[in-house]
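J.: Predicted model, plus sequence, below.
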Amino acid sequence: MTLCAAGPLVALADRDEAGHAACAAALPDLSIPLLTTWPAFTEAMDLADATLRAVAEEGGLRRIFTLDAHLRLYRPGGDQHLDVVA
């Protein structure tokens, strides 16, 4: 299972998105299913990031599929940074 932000979902669905090629190339290397939250899916940015961080911490998830580089700074549980894929 891989935590997924809204950016890669949009990029995968729209070939004209700037991140489409990178996201399509990364997809085969991700653990399926992709997991997201409703706020992330609807792209309520601050709430989306907060819910993704909460899910990462609660589920012990360390890998996230996102175009938001700032999520690299977050450390679920205070130890390791998230492994950002995209």
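T.: Nice, thanks for sending it over.
J.: Helices of this structure, start to end?
T.: Along the chain, counting by DSSP state H, helices occupy 6-13, 20-26, 38-42, 45-59.
J.: pLDDT at the residue in the chain sticking out farthest from the centre, what is it?
T.: Here the centre of the chain is the reference, and by Cα atoms, centre = their mean the most remote residue is Asp16, at 19.7 Å. The score at Asp16 is 82. That number is its pLDDT.
J.: quick one, phi/psi of it?
T.: For Asp16, the backbone dihedrals (degrees, to the nearest 10) come out as phi -80, psi -10.
J.: sorry, back to before: which of the helices of the chain sits most buried?
T.: Counting by mean count of other Cβ atoms under 10 Å, helix 6-13 has the highest mean neighbour count of the helices of the chain, with a mean of 19. (Glycine included, C-beta is placed from N, CA and C.)
J.: Show me what that helix is in contact with.
T.: Contacts of helix 6-13 with the rest of the structure, by Cβ atoms under 8 Å, 6 or more residues apart in numbering, involve 17-20, 22-24, 26-27, 34, 36, 40-43, 48, 65-68, 86.
J.: rerun that using 6 Å as the cut-off
T.: Taking contacts as Cβ atoms under 6 Å, 6 or more residues apart in numbering, the residues outside helix 6-13 that touch it are Glu17, Gly19, His20, Cys23, Ala40, Phe41, Glu43, Phe65, Thr66, Leu67, Ala86.
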